[in-house]
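**Student:** Sharing a model that was predicted from the sequence below.
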Amino acid sequence: RRALSCAVVACAKADQWEEALNLIELYGNQGNSERSGVVSRASINSLIRACGRSARPDIAVQLLNDMSVRYGVEPDEVSYRIAIIACNQAEHRERREMGCHNSDVGPVLAWWECALSLFRRMREDGIKPSLQSFSSVVSACEAAGQWQ
């Protein structure tokens, strides 16, 4: 478990999220009961953070959603916070890009809604949000002009 977690963290810190994800998929998937909890929460959190930094909030949120069932570890405040931050950054990035291109491309994935949904789920799961989680949700909603 320790070797896999260290390898995943090292890849994630180098923003090699694809390699980290490959390692988890190969060696950390809970599909086999012998592998339960093979990968640490800290290593999955590192991978979520790397996905956020690499503009892949979709992967970050998927990892958060898969933590307990697929990898045998429960998400904590850090897990939710970094996924919410990834959604916030994606919302800001999309708003900047829309401002530059200003074309009607149809419905845009609303990352502010994803951030708000994760925040609600965090509270429903009994996890106390940090100030940074509150701030990131508010920032995502502000970027989208969603004040209600």
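**Tutor:** In hand now; what should we look at?
**Student:** Beyond the lowest-mean-pLDDT helix or strand in the chain, next helix or strand please.
**Tutor:** Here the helix or strand of the chain ranked lowest by mean pLDDT, DSSP states H and E is helix 77-101, holding a mean of 88. Once the chain leaves helix 77-101, the next helix or strand it forms, by DSSP states H and E, is helix 111-124.
**Student:** Pretty sure residue 63 sits against residue 50.
**Tutor:** No. With contact defined as Cβ atoms under 8 Å, residue 63 does not count as touching residue 50 (10.0 Å). C-beta coordinates here come from the backbone N, C-alpha and C atoms, glycine included.
**Student:** can you list the weak-confidence ranges in this protein?
**Tutor:** The chain contains residues with pLDDT under 70 at 28-37, 99-109.
**Student:** at 90 what do you get?
**Tutor:** For the chain, applying pLDDT under 90 flags the ranges 1-5, 24-39, 70-72, 94-110, 144-148.
**Student:** quick revisit: can you state the direction angle for the least confident helix or strand of the chain and helix 111-124?
**Tutor:** Computed by axes from the mean of the first three to the mean of the last three Cα atoms, to 10 degrees, the angle separating helix 77-101 from helix 111-124 equals 170 degrees.
**Student:** what does helix 77-101 contact?
**Tutor:** The contact list for helix 77-101 (Cβ atoms under 8 Å, 6 or more residues apart in numbering) reads 41, 44-45, 48-49, 51-52, 55-57, 60-61, 63-64, 67, 108-112, 114-115, 118-119, 121-122, 127-130, 132-133, 136-137, 139-140, 143-144.
**Student:** again, but for stretch 9-22
**Tutor:** Surrounding stretch 9-22, the residues in contact under the criterion Cβ under 8 Å, 6+ apart are 7-8, 23, 42-43, 46-47, 49-51, 53-54, 56, 59, 63.
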